[in-house]
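**Student:** sharing a sequence plus its predicted fold:
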Amino acid sequence: MAEDNELRYDPAQIEPKWQERWAAEPRLYAAEPADCGKPKYYVLEMLPYPSGQLHMGHVRNYSIGDALARHMWMRGYNVLHPMGWDAFGLPAENAALKNHTPPREWTLSNIAGMKRQFERLGMGFDWATEVTTCLPDYYRWNQWFFLRMYEKGLAYRKKSKVNWCPDCATVLANEQVVNGCCWRHETTLVEQRDLVQWFFRITAYAQELLDGLDKLDGWPEKVRTMQRNWIGRSEGTEVDFAVEGSAEKIRVFTTRVDTIFGATSVQLAPQHALVAEFTAADARLKAQVDELLEQQKKAREAGDLGAIEKHGVPTGRFAFNPYNGQRVPIWVANYILADYGTGAIMSVPGHDERDFEFAMKYGLPIIQVIQPIQNVESVERLPFCSEDGVLMNSGEYDGLSCAEAQKRLQEAAALGGFGEATVTFRLKDWGVSRQRYWGTPIPMIHCERDGLVPVPDDQLPVLLPEQIEITQQGGSPLGRVPEFVNVTCPKCGGPALRETDTMDTFVDSSWYFYRYTDAKNAKAPFDPQVVKYWFPIDQYIGGVEHAILHLIYSRFWTKVMRDLGLVEIDEPVRRQFSQGMVIKDRAKMSKSKGNVVSPDDMVARYGADSARMYSLFAAPPDRDLDWQEDGVAGVSRFLGRVWRLVTKYAPVARSARGQQADAPTGISLKLLRKLHQTTAKITQDFEGRWHFNTCVAAIMELVNELQAADAQLAAGEVAAPVMHELLRTLVLLLAPFAPYLAAELWQTLGEEGAVLRAPWPGSNAELAREDELEIPVQINGKLVTVVRVAMDATQQAMEAAALGDEKVLSRTSGKSVAKVIVVPGKLVNLVVK
């Protein structure tokens, strides 16, 4: 029999109606002024790159944040929930090459399309705060920050070996190289090139970035661990080995200076400055070193530098150990890195696995200088790498523990002027130069007379020329635009050339969330007083793939802004959440893999609420979600059940608005108990573990119980005021997850105003408390049945209920119950013979 049209859930009719109404209320999702008297709550999802269209992976991320924002609005908070676009980047240039469409036109067209998708999905963003990073009103402040960093010595230029992606035709930061390949072109090997580049001195904040992680209690431990490992602090000692027959000294870095009496060689990175001196007059050595460089290059490009097969060549030169005068050979080795420590090490094969392997390969001496504490008479099998030992063969330091020896040896180095205790970091300065068009122009000028000259603030922004040929060959496209390159030096007035590199796009995303708070400010990046009110961000949501790149850079940027006097905080984000991926065909859903599912298709078939709610229901938010369209259909059917239930009993509920219910009994009490239990659970989940999948499941259980009581509801056994509370609260609980349906049912119930602004329902702990318990009954340890007893039932009452159960009686007939074990409030076990 055809379903009654009045009771048919039709999202294609409901959702566009509410979308139009919400669009007509621009202040619906707007934050209120700081003096509104409400507590603030800044919830933010990482801004998307406008690649063309959203897919269901995006929907999951933004549905999590939107549900939280709606919940906090209903809890009475002043919520800031903005949205913007990480709009610079290489894909726009690729599209320009492929489609002959200017990057700006392609990007802005994509933004318009994705914005329409967001609006159709019912996302509660305050579009008045929208930020688009490729527009001059935003990137002028990138340039302004660059100049402030340059003034403070935090932006500088140097020649360096850089990561070069042949497909991108540009430089990549270390963090953008994944397993030797480009982070965007996952099968393209990254090459090593020497280029003059701009850098941000992030290492000046390395220790503070590390220490700050201990204060980020609201961040996942996985993310904090990834950042600790990337920063990579090492404590050790720098020691000078004097080069024989020369005034030169080789400074080595070691974390185990207690083993220095076991050093049997000094090894240099192939790029070390001394190596160039040694090879200048030795063609054979130069050829050997060039081979080491080639091996190192291939290992870097393969992303497996740590597993490089170790090779080295002797230079024929020697150096002296400053502690004992021991003459040791100088080698060049392919596994020594120029950018770690000093680019030189002392090799101690008796107490280092890597050095031992090298010494065995090349026949270098191996000397034991540490022995185990437990048995000082034994000769430990080498290499002995533990620091749980005492020194031997180390002169006056014999018998000292490793820790004490390190301290004493550092003091001796400092006193003798040949070394010092030091700290090194794996973290390197952030290379921000990119040889491409679609990015923020670096605001520097090259003058033959005055050298590097900053662009004056009153000449910002340095605008990107809009009509330009993009080839991704031969350096930056900006270098081929004379009207951009040729400029008058602001210092001397003579002819000069603009910098043609653009900034890494991670610059754009390092501070965008501050701009959201004051997006239309034309005089400054933002008003510090406005930022003071909103920061830190209360909840930041995004993929764990950004744990190192974006999140470290944004933390660095905040500390720089603090030191510029713009902000008072040390950290930008109080709580960070990394959502799981959406998986389809056993791979992360992404445009590059060709496995995306468009939300447009899901909305057309099942409605936006179903697509959103499925993305929250199918898995815990921090776990990967295995995409199944049948699941969206299932959620759609459930929302249809909610629609029919509320619509059917809405007249009864409306009739009781404002009425007080009598003390509930019977079915009314049972349903209200379930309602308040559900409310308490969902509230607790929003406040704590964020298991939105169990929130949705709890709503489903509530609806099941209401539908199971349909005969009693239809017979009027539930008082109208109770019916009003049941349905009204059900709609409020649904509102963060299915905003369109909640808005429609809110109106159906005769409620006034936006459901978004209705107070979140409270739960009555006494009413939510069960008056009966379900007690499992076992016979000889095997579950037989479940009995219900009063909450305060005695052990005797529990035993009587168990023994009187029909299933127990049938199982024990003709047998004797030897023993009854009662665990109060938990379990009854009968031992039957």
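**Tutor:** Okay, I see it. Residues are numbered from 1 along each chain as shown.

**Student:** chain center to stretch 762-777: distance?
**Tutor:** From the chain centre to the centre of stretch 762-777 is a distance of 39 Å (C-alpha atoms, centre = their mean, to the nearest Å).

**Student:** and for stretch 270-289?
**Tutor:** With C-alpha atoms, centre = their mean, you get 44 Å for stretch 270-289.

**Student:** as a quick check, tell me the outermost residue of this structure.
**Tutor:** The centre of the chain is farthest from one residue, Gly814, which by C-alpha atoms, centre = their mean lies 65.1 Å away.

**Student:** sec struct for it, please.
**Tutor:** Counting by DSSP: H, G, I helix; E, B strand; the rest coil, the backbone at Gly814 sits in coil.

**Student:** any idea how far it lies from Ala619?
**Tutor:** In this view, Gly814 and Ala619 are 50 Å apart by C-beta to C-beta, to the nearest Å. For every residue, glycine as well, the C-beta is placed using N, CA and C.

**Student:** do Asp771 as well
**Tutor:** Taking C-beta to C-beta, one finds Asp771 at 35 Å from Ala619.

**Student:** of these two, who's got more company?
**Tutor:** The residue with more neighbours, out of Asp771 and Ala619, is Ala619; 20 against 11, by other C-beta atoms under 10 Å.

**Student:** now that one. Nearest residue, chain neighbours left out?
**Tutor:** Residue nearest to Ala619 in three dimensions, not counting chain neighbours: Leu625, with 4.2 Å by C-beta to C-beta, 6 or more residues apart in numbering.

**Student:** got the phi/psi numbers for that neighbour?
**Tutor:** Dihedral pair for Leu625: phi -110, psi 120, per degrees, to the nearest 10.

**Student:** check contacts around the closest residue to Gln368 other than its chain neighbours.
**Tutor:** Spatially, and ignoring its direct neighbours in sequence, Gln368 is nearest to Gly350 (4.6 Å; C-beta to C-beta, 6+ apart). Gly350 makes contact with Thr259, Gly262, Phe356, Ile366, Ile367, Gln368, Val369, Ile370, Leu382, Pro383, Phe384, according to C-beta atoms under 8 Å, 6 or more residues apart in numbering.

**Student:** ok but Gly350 is inside a helix, no?
**Tutor:** Yes: assignment of Gly350 by three-state DSSP places it within a helix.

**Student:** got the buried residues for the helix or strand encompassing Gln288?
**Tutor:** According to DSSP states H and E, Gln288 maps onto helix 283-301. Neighbour counts over helix 283-301 (16 or more other C-beta atoms under 10 Å) mark Leu285, Gln288, Val289, Leu292, Leu293, Gln295, Gln296, Lys297, Lys298, Ala299, Arg300, Glu301 as buried.

**Student:** apart from its chain neighbours, what residue comes closest to Phe358?
**Tutor:** The shortest distance from Phe358 to any non-neighbouring residue, by C-beta to C-beta, 6+ apart, is to Lys310 (5.3 Å).

**Student:** hang on, the earlier thing: just the closest of the buried residues of helix 283-301 to Val481, please.
**Tutor:** Closest approach to Val481 among these (C-beta to C-beta): Glu301, at 32.3 Å.

**Student:** so what does the longest helix belonging to the chain touch, helix or strand wise?
**Tutor:** Across the chain, the helix with the greatest residue count (assigned by DSSP state H) is helix 629-655. Where contact means 3 or more C-beta pairs under 8 Å, 6 or more residues apart in numbering; DSSP states H and E, helix 629-655 is packed against helix 599-606, helix 608-617, helix 692-708, helix 720-734, helix 739-748.

**Student:** just the buried positions in whatever helix or strand comes next after that helix, please.
**Tutor:** The helix or strand immediately downstream of helix 629-655 is helix 666-687, counting by DSSP H and E. Of all the residues in helix 666-687, those buried under the rule 16+ other C-beta under 10 Å are 667-668, 670-683, 685-686.

**Student:** re the thing from before, averaged pLDDT, the helix holding Gln288. What do you get?
**Tutor:** On average, the pLDDT along helix 283-301 is 87.

**Student:** again with stretch 125-136
**Tutor:** Mean predicted lDDT for stretch 125-136 stands at 98.

**Student:** before we move on, the earlier item: and the helices and strands packed on helix 629-655, which is most packed in?
**Tutor:** Scoring the helices and strands packed on helix 629-655 by mean neighbour count under mean count of other C-beta atoms under 10 Å gives helix 608-617 as the most buried, with a mean of 28.
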